[in-house]
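no sequence on this one, just coordinates:
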């Protein structure tokens, strides 16, 4: 029986051994989050997004349709094999000028078996475009589906960029909020110091004024924290990360902005040339055109060559060798024939042609509507981007000026020639301008990302 003394001794030994083990042997070592930039996050999100995989399945289905049409150029083979019971029979005899049947009567022992195998190989020769038109339509259909995949990737990339910029914006907002709060803390320290020295340039209410201004920075910081958590969790979900897996954004600030944008006409032209939806629509339009031709070709006959063979055997029946009396149960023959097939349905095929033409015309109208709306869509996004760019440049200058104001106001306050109110207003204005600057920079990057999406100019 283990007494208390032995138990204490064993505990001490275990603790000593635990101290000698590596740290990771007793507890899981803390894994630092993986640092990724925007391109790495985009690549990871695109590589495993189920929406993209769903559209890629449509590409595989379209390729299967193309393979089926291509296979129509080759011989189509049909083989049928049957077997079953059959009554035994003897070859007929002519007795006294009369044909007699010497076959045994019906009984269990007179029932035998028979087997038959028929095979036909048909090779199309000329079909008036039934196969070639549908092959071209299927090939265009594959390309259309591939452009649909590219469009879906563009949508995912746009979504990821929006979330990533939101994450970086929130992180920048936290830094600027902390900087403003540091300025307010420094101002409060300066005021307290002068109050202790019983200076006549400050009063107790100045400290209350500091807290009043500081509350706005606290609120801004709280909103930034909420935005950062929301963007982070949304990005993590898009990256399909495990619950314990973490990552960190490599960028600490939003990408800068250019001095100006290129002409609107360049973006509109790029949209008409590069957008995957228009490429998809163009391929679908050509595919429909070939389907119309394929439906029209169904109005004409198809010429073919065929190789046929038939083999049958019934062991219990005598074989009758006659060119005039075919034996369906005992024979072997084959041959090559040529023929034509023409379906006359009194209006059904013509109605299919009319339907195909109507579907083609509908796509033509869809393309016309899209071409009409493209300049409107691109112009709207372009103007949003341009407005944000103007705001970025304006608030950048304002933030720089207000920071100089803060430093000057603090220096004046320390020298006794400036007021606390002027110093606090400078800090508050700097925080507001800095916040509006990063917000404008965020709007610019979002508008730029959307502009690249609606024009198809950006590839990742």
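Great, that's in hand. These figures come from a predicted structure and were not determined experimentally.

now the helices for the stretch 1-150 of the chain?
Along the stretch 1-150 of the chain, counting by DSSP state H, counting those that start in this stretch, helices occupy 4-20, 23-26, 38-47, 50-71, 130-196.

Let's have these in CSV, adding distance to residue 315.
Backbone N, C-alpha and C define where each C-beta goes, glycine included. CSV is the format used below for the helices of the stretch 1-150 of the chain (distance: least, C-beta to C-beta, whole Å):
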stretch, distance to residue 315
helix 4-20, 87
helix 23-26, 81
helix 38-47, 65
helix 50-71, 39
helix 130-196, 44
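
With mean pLDDT, distance to residue 90 and mean neighbour count as new columns, can those be given to me in CSV?
Formatted as CSV, these follow (pLDDT from 0 to 100; distance: least, C-beta to C-beta, whole Å; neighbours: other C-beta atoms under 10 Å):
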stretch, mean pLDDT, distance to residue 90, mean neighbour count
helix 4-20, 42, 99, 9
helix 23-26, 42, 93, 9
helix 38-47, 92, 76, 16
helix 50-71, 93, 48, 14
helix 130-196, 90, 51, 20
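
Strands of the stretch 201-350 of the chain, start to end?
Assigned by DSSP state E, counting those that start in this stretch, the strands in the stretch 201-350 of the chain fall at 247-249, 302-313, 331-341.

so which helix or strand takes in residue 423?
helix 420-455 (DSSP states H and E).

residue nearest the centroid of this structure?
The chain has residue 52 as the residue nearest its centroid, 2.6 Å off, counting by C-alpha atoms, centre = their mean.

List the contacts of the residue nearest to it when sequence neighbours are not counted.
Spatially, and ignoring its direct neighbours in sequence, residue 52 is nearest to residue 152 (5.3 Å; C-beta to C-beta, 6 or more residues apart in numbering). If you count contacts by C-beta atoms under 8 Å, 6 or more residues apart in numbering, residue 152 has them with 51-52, 55.

Tell me the one of those nearest residue 422?
residue 51 (55.2 Å; C-beta to C-beta).

Show the pLDDT at the residue with the largest distance to the centre of the chain.
In the chain, the greatest distance from the average C-alpha position (C-alpha atoms, centre = their mean) is reached by residue 96, at 87.9 Å. Looking at residue 96, its pLDDT reads 77.

Repeat that for residue 1.
Residue 1 is assigned a predicted lDDT (pLDDT) of 44.

Same question for residue 236.
pLDDT, read off for residue 236, is 90.

ok, the residue nearest to it when sequence neighbours are not counted - how many residues close by?
The shortest distance from residue 236 to any non-neighbouring residue, by C-beta to C-beta, 6+ apart, is to residue 247 (7.1 Å). Residues near residue 247, counting by other C-beta atoms under 10 Å, number 17.

Okay, now the sheet partners of the longest strand along the chain, with direction.
Longest strand of the chain, by residue count under DSSP state E: strand 111-126. Strand pairing for strand 111-126, using DSSP bridges, gives strand 76-87 (antiparallel), strand 302-313 (antiparallel).

hang on, the earlier thing: what is the residue nearest to residue 236 paired to in the beta sheet?
Under the criterion used here (DSSP bridges), residue 247 is bridged to residue 34.
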